[in-house]
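Visitor: Make a model of this:
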Amino acid sequence: MYHPSHYTFCTKAFAQFLCVLSTALFFCLFPPGLSAQFSLGPTAGMAATGFRWPGDIRTNPASSPRPKFGLVGGIALELDVSKSTAIHADILFSQKGGKLVSNVTNAVDGDTRYESTITLNYAELPILFRIYTPEKPIQFFAGAGLGASFGLFGRDEIAIHYEKDGVGPVTDIAFRNVDYRDVYKRWDFAAVIEAGFKREAGQSVFSLGLRWTRGLMGIINQTGSQTSEIDQLMNKSLAMTMGYRIYLF
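Guide: Model (predicted):
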């Protein structure tokens, strides 16, 4: 059950997360003695998200992970180190998760399909090193880096579909869990690669990019001494985002 203490924990931990990462971001973007152009602005887009789940589930058609769509948006910051290189960081609200589908057949209910749609909402901070083509005003870029995510809240919707003697689904039961703190790990870390282009117009920068994020650790807290396949569940996502930044100096 949800308890107010969980909200207090989330608020305090999130404040600590922002404090630590903001300090790290400041020193990454403003190292002593460096003079370069800095731009800042909003970014938003949509991501196809899912789970990496090793084991037989990858090849077993009766039980498989499937993707879902989520929103991503926040603030983009970029420091132009040179004409062709930059340090880029985002402070994002990012929806991740996926669908887990399992098909079971028995003599009583016939074919039964279990669908679990999991939505995990994170505060995410990816930091990347970008390389740009030299041509202007349109420059293509490629980038790579690491990302840290802090879990805010989530939801797990479970639907059960029964089918017997050719009759369509007759039962659809949804269960929701708003307190996932004891199930999913609060922190997640990922490798990030991206590609896209930007167009400069005076002091403004318009950008469009495609970003692949691959989790580096399991997101489920282990409940016992033995590790199961579900303990190895990892996030992954492919996001397309648009951004607008203004050069501040």
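
Visitor: how many neighbours does residue 134 have?
Guide: By the criterion of other CB atoms under 10 Å, residue 134 has 7 neighbours. Yep, even glycine has a C-beta here, placed from its N, CA and C like the rest.

Visitor: Double-check that it belongs to a strand.
Guide: No - counting by DSSP: H, G, I helix; E, B strand; the rest coil, residue 134 falls outside a strand, being coil.

Visitor: In this protein, where is pLDDT below threshold?
Guide: 1-35, 53-65, 104-111, 161-182, 222-231 (pLDDT under 70).

Visitor: Can you show me the helices along it?
Guide: Listed in chain order, the helices found in the chain under DSSP state H are 4-29.

Visitor: Could I get the full set of strands for it?
Guide: 37-52, 63-66, 68-80, 85-106, 110-132, 138-163, 187-201, 204-215, 234-247 (DSSP state E).

Visitor: and stretch 38-51, C-alpha only, in CSV?
Guide: C-alpha atoms of stretch 38-51 as CSV (Å, rounded to 0.1, in the frame of the first residue of the first chain):
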residue,chain,number,x,y,z
PHE,A,38,27.1,27.7,-24.0
SER,A,39,23.5,27.1,-25.2
LEU,A,40,20.4,26.0,-23.3
GLY,A,41,16.8,25.3,-24.2
PRO,A,42,13.9,22.9,-24.1
THR,A,43,13.9,19.4,-25.7
ALA,A,44,11.0,16.9,-26.1
GLY,A,45,10.1,13.8,-28.0
MET,A,46,8.8,10.2,-27.9
ALA,A,47,10.6,7.0,-27.2
ALA,A,48,9.9,3.3,-28.0
THR,A,49,10.9,1.6,-24.7
GLY,A,50,11.2,-2.0,-23.7
PHE,A,51,13.1,-4.5,-21.6
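
Visitor: just use 45 as the starting number from now, easier for me
Guide: Okay, residue one is now 45; in that scheme the one you just asked about reads as stretch 82-95.

Visitor: Next, the buried residues of it.
Guide: 82, 83, 85, 87, 89, 91, 93, 94, 95 (16 or more other CB atoms under 10 Å).

Visitor: returning to that earlier point: switch the strands of the chain over to CSV; also include distance to residue 265.
Guide: Formatted as CSV, the strands of the chain follow (distance: least, CB to CB, whole Å):
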stretch, distance to residue 265
strand 81-96, 15
strand 107-110, 19
strand 112-124, 22
strand 129-150, 16
strand 154-176, 13
strand 182-207, 11
strand 231-245, 11
strand 248-259, 15
strand 278-291, 14
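
Visitor: Alright, that wraps it up for me.
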